[in-house]
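# mind folding the following:
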Amino acid sequence: MSNEFDADWLRLRDPLDEVARVAAFAWGFGRVLPAEPMLIDLGSGTGNNVRQLALKLGRAQQDWTLIEKDRKLLAKAPGEMQHWAERNGWTLKEQRRAYHISCEDMGIRVEMRSCDIARNLTDLGLNQYDGITANALFDLVSAPWVESFADELAVAGYPPLLFTLMVDGRVAFSTPDPDDDFVLERFHAHMGKDKGFGPALGPAAPAALAKALSRVGYKVEQGKSDWAIGEKRLAAHLALLDFHAKAATEMEPAAAGRIGEWQQRRQAMARDGISGLSVGHMDIFARR
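Reported below is the predicted structural model:
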């Protein structure tokens, strides 16, 4: 779910996500799917999960439904899909409100739907799908929403699940700064603010989701999918520093000066290549 971020940030994080994902989970998810799976991606943004997973699932025919509340992001998804297809030498055609990507040995149909999943889960018809994916979603949702979602999955017949890139609170700079803990504490507190689902789980999301899925009968596997941000990802590094500083300042406006000075020091270290950044995430693969 990308309601807090724009398409430019999503484009910056795509390569970070690609190398961080637990590859074995994507392969395992693909193995339990039928030959021509129907897949639904929740909080899809511009379609990152399709682009990241389609080649890893081992299925020549795939049908994806992208669910995203933000219509502006959905409007950008076709362009991102077009760029992806062109980079791979594939063709993309629009037909009957869907986009068809084809090459010699694979066909992918992608349909996009605007839906507020914070208020509407039942109408998604989760029982129609062979698998459910989501990327960077669950740290934005609330504990009661996760419990309701797990119940809906049980009613839907326990479709296999692949949920990726959930933050777990681990943040580490290779070169420390005296105010790191001060800023990070306020940043993580800000993550708990209501993102439309009620008080957000933030770093507690992976554990809460795993517990809820286990409660209803899923077998849950978890794996680390950490971002490792070095000199080659300077733009992403600076964007993350900006997110941290803005969130921390919102939580404690009186400390704006201190936080701003922290950001300036961190920006200088990032530009000089003397400090990398690691951000902890977890992936979950679950099935009955």
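
# can you give me the strands for the protein?
Listed in chain order, the strands found in the chain under DSSP state E are 38-42, 61-68, 91-95, 98-102, 107-114, 131-135, 161-173, 219-224, 227-229, 277-287.

# out of the ones you listed, which one sits most buried?
strand 131-135 (a mean of 25; mean count of other Cβ atoms under 10 Å). All C-beta atoms are positioned from the backbone trio N, CA, C, and that covers glycine.

# let me see the mean pLDDT of that one.
Averaging pLDDT along strand 131-135 gives 97.

# strand partners of it, parallel vs antiparallel please.
strand 38-42 (parallel), strand 161-173 (parallel) (DSSP bridges).

# returning to what we had before: closest to Ala235 out of the strands of the chain?
Closest of the strands of the chain to Ala235 is strand 227-229, at 10.0 Å (criterion: Cβ to Cβ).

# list the helices and strands that closest one packs on?
Identification of packing neighbours for strand 227-229 by 3 or more Cβ pairs under 8 Å, 6 or more residues apart in numbering; DSSP states H and E yields helix 7-20, helix 234-251, strand 277-287.

# so which of these comes closest to Glu221?
The nearest among the helices and strands packed on strand 227-229, by Cβ to Cβ, is strand 277-287 at 4.8 Å.

# which other helices and strands does that closest one contact?
Against strand 277-287 (3+ Cβ pairs under 8 Å, 6+ apart) you get helix 23-31, strand 161-173, helix 205-216, strand 219-224, strand 227-229, helix 234-251.

# tell me the contacts of Leu57?
Listed by Cβ atoms under 8 Å, 6 or more residues apart in numbering, the contact partners of Leu57 are Ala26, Phe29, Gly30, Leu33, Pro37.

# repeat for Asp105
Ala60 are the contacts of Asp105 under Cβ under 8 Å, 6+ apart.

# from Trp90, how far off is it?
11 Å (Cβ to Cβ, to the nearest Å).

# now render the strands of the chain as JSON lines, adding distance to Asp6.
Output for these, formatted as JSON lines (distance: least, Cβ to Cβ, whole Å):
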{"stretch": "strand 38-42", "distance to Asp6": "19"}
{"stretch": "strand 61-68", "distance to Asp6": "13"}
{"stretch": "strand 91-95", "distance to Asp6": "23"}
{"stretch": "strand 98-102", "distance to Asp6": "22"}
{"stretch": "strand 107-114", "distance to Asp6": "17"}
{"stretch": "strand 131-135", "distance to Asp6": "16"}
{"stretch": "strand 161-173", "distance to Asp6": "17"}
{"stretch": "strand 219-224", "distance to Asp6": "27"}
{"stretch": "strand 227-229", "distance to Asp6": "19"}
{"stretch": "strand 277-287", "distance to Asp6": "19"}
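
# which one of the ones you listed lies nearest to Met269?
strand 161-173 (7.8 Å).
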